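> When you get a sec, could you give me coordinates for this:
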Amino acid sequence: MDSNLIKSLNKIPLLEILSIKTTELISKLGKEINLNAGDYLFKEGDHGRKMYFILQGELEIFKKSSIVAIRKVGEFIGEMALIESKPRSACAKASISSTLFEIDQKVFQNHLFSNARVIQEMLRTLSNRAREDLESHKKNRKEISSKKQSLRKDSFFFEVNS
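Numbers count the residues shown, from 1 in each chain. Down below sits the predicted model:
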C-alpha cells in the first residue's frame, strides 16, 4: 500500500469524505497515470469508461481549438462519460507534467456513486462548473456585442437605389 498515494487521494475534496478503508481500497483498484506537457489524456469523441483525479499538474479541457477549462490539483475530470455512458465531450491535455489517479466505471459505481456524500460533493462541483460556464458565456457575449458596436461606428453603409 502506497501511503503517499493515499495521502494525495485524501487531499482531493471529492475523496476526503471517504473512510480510510475505502480510500485504501480505491488506491488498490485504480492506477496512477503520468503525462508529460502536451500529452493527451483523451480526445473528444473517445469512448470513456474511466475518470481521473489530478494529483499533480494541470490539464486543459478544450473543444476544437478553444480552451473551455483548466483543471488543477484536487479536481476530477472524465466523470461525464461514466455518468452518461456517452463519448467524451471534450479533449483533455496536460499543460504541464501531471500525475493523475484513474478509476474505472466499476470502482466509481461501487465505491463513489453509492455514497450520498460523494454524490452531493460531485453535484456541487458540477453545479459550480456550470455556473462558471454561464458567467464565461455571458462575458463572451458582452465582448462580441461591444465589438459589433465598434464596427458599426467605424463602418459606412451605402444604400443603392434600383
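> Check which element follows whichever helix or strand T23 is part of along the chain.
Using DSSP states H and E, T23 sits within helix 20-29. Sequence-wise, the next helix or strand downstream of helix 20-29 (DSSP H and E) is strand 31-35.
> partner strands of the very next helix or strand once past that following strand, parallel or antiparallel?
From strand 31-35 onward toward the C-terminus, using DSSP H and E, the following helix or strand is strand 40-42. Looking at strand 40-42 with DSSP bridges, its partner strands are strand 91-94 (antiparallel).
> Could you pull up the mean pLDDT of the partner strand?
Averaged across strand 91-94, pLDDT comes to 97.
> re earlier: give the buried residues for the helix holding T23.
The neighbour-count check on helix 20-29 (16 or more other Cβ atoms under 10 Å) flags 22-24, 26-27 as buried. Just so you know, the C-beta spots here come from the backbone N, C-alpha and C atoms, and that holds for glycine as well.
> all helices for this protein, in order.
Assigned by DSSP state H, the helices in the chain fall at 3-10, 20-29, 79-84, 105-107, 116-154.
> Turn the ones you listed into JSON lines, including mean pLDDT and distance to L41.
Putting those into JSON lines (pLDDT from 0 to 100; distance: least, Cβ to Cβ, whole Å) gives the following:
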{"stretch": "helix 3-10", "mean pLDDT": "92", "distance to L41": "18"}
{"stretch": "helix 20-29", "mean pLDDT": "95", "distance to L41": "19"}
{"stretch": "helix 79-84", "mean pLDDT": "85", "distance to L41": "12"}
{"stretch": "helix 105-107", "mean pLDDT": "93", "distance to L41": "16"}
{"stretch": "helix 116-154", "mean pLDDT": "73", "distance to L41": "17"}
